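Participant: What follows is a predicted protein model with its sequence.
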Amino acid sequence: MSELLSKAGPEPLYRRVVQYLKDRIADGTYPPATMLPSEMELVAALGVSRPTVRRAIDMLIDEGLVERVVGRGTYVCEARGGVRPGRTGNVGLVVLEIRDDFVLRILTGAEHALAERGFRPVLASSRNEIGVEQAKIRDMWEDGAVDGFLIMPADSPEPHRVLTELAAQGIPLVLMDRYFEELDAPSVTSDDLTGGRLVTEHLLGLGHRRIGFVTRPNLYVSSMAQRLRGYKQALEGAGVPYDPSLVFQGLLPYISEMHVHEQASARLAQFERDALREYLSRPDRPSAVFACNDTVAVRIVEVCREMGLRIPEDLALVGYSDDPIASILTPPLTTVRQNPYEMGARAAHILLDMLDGKPVQRRTFLPVELVVKESSESSR
């Protein structure tokens with residue numbers, strides 16, 4: 001029996017066990033996030049009864065010094081109140097492309113929010129390929145490498161198998177930038193419905209009635225579907241009939257530049273320019289175009305230059321995302337400003353609240369802002 005416990009005195013034995021364990025925690029014998037010996041091991045080591053040990057541990061739990069994790073044991077809590085016992089302190093952060101500016105800002109927000117609460121991101125890029133995404137998520141979870149996931153899911157009309165399995169098992173995960181209505185998981189996205197409506201109302205207010213909507217073949221992705229829905233709502237509100245022929249999906253699906261060599265990339269870019277030229281050469285071409293993102297808007301600018309179309313005199317143009325390139329285009333691009341940093345930070349806070357067993361909101365829509373520049377209306 002330890003010297004502390006062998007001393008006679010008026011103090012109850014369980015309180016002496018409490019003090020003994022506090023001293024061992026303070027001197028680093030049991031450092032933060034490590035497991036205490038089992039109750040039976042403490043009984044044998046200290047020469048006291050099991051009820052005495054249990055009462056002592058219950059007191060330490062009440063004081064927030066240790067935590068009992070069902071099925072694992074009793075762990076010493078972090079002094080900062082960050083990572084709880086029995087956890088890795090890691091969060092899987094799975095996105096489309098780690099070098100994309102929009103995604104980088106999401107990552108930065110998520111990383112800062114995680115760090116504030118003592119967690120670390122484990123980064124992975126899916127390259128917008130479902131198979132790659134599934135493999136990386138499954139490996140992280142089965143290896144016990146992470147406590148939960150922040151995921152910007154690959155383009156898909158419905159949640160893939162691993163996402164469905166994680167949600168069904170109650171594994172904490174939060175989706176970013178897009179969501180699946182049928183997947184029981186929280187999400188943090190931009191208010192793309194409002195964004196689509198703001199763009200279209202702006203162009204309608206300038207007198208345009210033939211407004212094109214240009215995107216890749218990905219209208220099943222919630223962010224794009226909501227932008228198109230806002231576009232339709234604005235047309236309806238202005239009494240302008242919706243013309244499906246103005247919705248152009250002739251661009252190529254998202255392709256990771258990391259896996260396309262230079263020659264192939266040039267051919268793909270030329271294919272897109274040819275498709276856009278055909279769209280903008282029709283006799284009843286749109287007088288204004290809502291590009292689904294700023295990258296697509298850049299491609300439209302290139303084609304307009306080749307065709308001799310002036311922006312905004314011959315074609316008003318609005319992008320989406322407010323990427324850095326929007327401000328250096330000539331003319332500067334009217335676009336919709338999102339807040340990807342806040343998206344990542346908010347998603348991280350929601351995930352950590354889930355880990356702490358707190359109730360969370362299922363859908364979080366972040367406000368957007370229309371930034372009007374010369375590409376949609378003359379500076380005069």
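Facilitator: Received the coordinates, thanks. Residues are numbered from 1 along each chain as shown.
Participant: Name the surrounding residues that touch the helix ranked longest in the chain.
Facilitator: Determined from DSSP state H, the single longest helix within the chain is helix 262-281. Contact with helix 262-281 is made by 212, 214, 248, 250-252, 255, 257, 260, 285-286, 299-300, 302-304, 306-307, 309, 315, as judged by C-beta atoms under 8 Å, 6 or more residues apart in numbering. To be clear about C-beta, it is placed using only N, CA and C from the backbone, and glycine gets the same treatment.
Participant: Could I have the buried ones of these as PyMOL selection syntax?
Facilitator: The buried subset of the contacts of helix 262-281, as determined by 16 or more other C-beta atoms under 10 Å, is captured in PyMOL by this line:
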select buried, resi 212+214+248+251+286+299+300+303+304+309+315
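Participant: In helices, which of the contacts of helix 262-281 appear?
Facilitator: Filtering these for membership in helices, criterion DSSP H, returns 299, 300, 302, 303, 304, 306, 307.
Participant: can you pull the contacts of the third one?
Facilitator: Under the criterion of C-beta under 8 Å, 6+ apart, the neighbours of residue 302 are residue 273.
Participant: Tell me the one among the ones in helices among the contacts of helix 262-281 nearest to residue 40.
Facilitator: Relative to residue 40, the closest of the ones in helices among the contacts of helix 262-281 is residue 299; by C-beta to C-beta it sits at 68.6 Å.
Participant: Tell me, how many residues neighbour residue 270?
Facilitator: Around residue 270 there are 10 other residues, counting by other C-beta atoms under 10 Å.
Participant: Reformat the ones in helices among the contacts of helix 262-281 as CSV; add distance to residue 124 and pLDDT.
Facilitator: Shown next, in CSV, are those (distance: C-beta to C-beta, whole Å; pLDDT from 0 to 100):
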residue, distance to residue 124, pLDDT
299, 28, 92
300, 32, 96
302, 33, 93
303, 35, 96
304, 38, 96
306, 39, 95
307, 41, 96
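Participant: Domain map for this structure?
Facilitator: Listed by automatic domain parsing, the domain ranges of the chain are 3-76, 90-190+341-366, 192-337.
Participant: Need the ones you listed in CSV (columns: distance to residue 377).
Facilitator: Shown next, in CSV, are these (distance: least, C-beta to C-beta, whole Å):
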stretch, distance to residue 377
domain 3-76, 58
domain 90-190+341-366, 23
domain 192-337, 6
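Participant: Ok, which of those domains comes nearest residue 374?
Facilitator: Residue 374 sits nearest to domain 192-337 of all the domains of the chain, at 3.6 Å, using C-beta to C-beta.
Participant: Figure out the length between the terminal residues of that closest one.
Facilitator: 11 Å (C-alpha to C-alpha, to the nearest Å).
Participant: before we move on, what about stretch 313-326?
Facilitator: In stretch 313-326, first residue to last residue: 18 Å (C-alpha to C-alpha).
Participant: Quick one: mean pLDDT for that stretch?
Facilitator: Averaging pLDDT along stretch 313-326 yields 93.
Participant: got the buried residues for it?
Facilitator: For stretch 313-326, burial by neighbour count (16+ other C-beta under 10 Å) applies to 315, 316, 317, 318, 319, 320, 321, 322, 323, 325, 326.
Participant: Equivalent analysis for stretch 126-146, please.
Facilitator: 126-130, 132-134, 136-137, 140-141, 146.
Participant: Please report the distance of residue 74 from residue 41.
Facilitator: From residue 74 across to residue 41, the span is 11 Å (C-beta to C-beta, to the nearest Å).
Participant: try residue 66
Facilitator: Counting by C-beta to C-beta, the gap from residue 66 to residue 41 is 15 Å.
Participant: Give the residue from those two that has the larger number of neighbours.
Facilitator: Comparing residue 66 with residue 41 by other C-beta under 10 Å, the one with more neighbours is residue 66, at 24 against 11.
Participant: Which pLDDT does the model give that one?
Facilitator: Looking at residue 66, its pLDDT is 86.
Participant: since we're on the residue nearest to it when sequence neighbours are not counted, how many residues are nearby?
Facilitator: Counting by C-beta to C-beta, 6 or more residues apart in numbering, residue 66 lies nearest to residue 60, which is 4.5 Å off, once chain neighbours are set aside. Here the number of neighbours of residue 60 (other C-beta under 10 Å) works out to 21.
Participant: Now do the same contact list for residue 60.
Facilitator: Going by C-beta under 8 Å, 6+ apart, the list of residues near residue 60 reads 18, 21, 22, 66.
Participant: Now, of these, which are buried?
Facilitator: In the contacts of residue 60, burial by neighbour count holds for 18, 21, 22, 66, counting by 16+ other C-beta under 10 Å.
Participant: In JSON lines: the ones in helices among the contacts of helix 262-281, plus distance to residue 204.
Facilitator: JSON lines is the format used below for the ones in helices among the contacts of helix 262-281 (distance: C-beta to C-beta, whole Å):
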{"residue": "299", "distance to residue 204": "24"}
{"residue": "300", "distance to residue 204": "19"}
{"residue": "302", "distance to residue 204": "26"}
{"residue": "303", "distance to residue 204": "24"}
{"residue": "304", "distance to residue 204": "21"}
{"residue": "306", "distance to residue 204": "28"}
{"residue": "307", "distance to residue 204": "24"}
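Participant: ok, of these, which one's closest to residue 56?
Facilitator: Residue 56 has its nearest neighbour among the ones in helices among the contacts of helix 262-281 in residue 299, at 68.3 Å by C-beta to C-beta.
Participant: What does the pLDDT read for the closest residue to the closest one other than its chain neighbours?
Facilitator: Nearest in space to residue 299, with sequence neighbours left out and distances taken as C-beta to C-beta, 6+ apart, is residue 272 at 5.6 Å. For residue 272, the model assigns a pLDDT of 89.
Participant: give me the number of residues near residue 272?
Facilitator: Number of residues near residue 272 (other C-beta under 10 Å) recorded here: 18.
Participant: and it, how far is that from residue 295?
Facilitator: Separation of residue 272 from residue 295 (C-beta to C-beta): 10 Å.
Participant: Residue 47 now?
Facilitator: Distance of residue 47 to residue 295, given as C-beta to C-beta: 71 Å.
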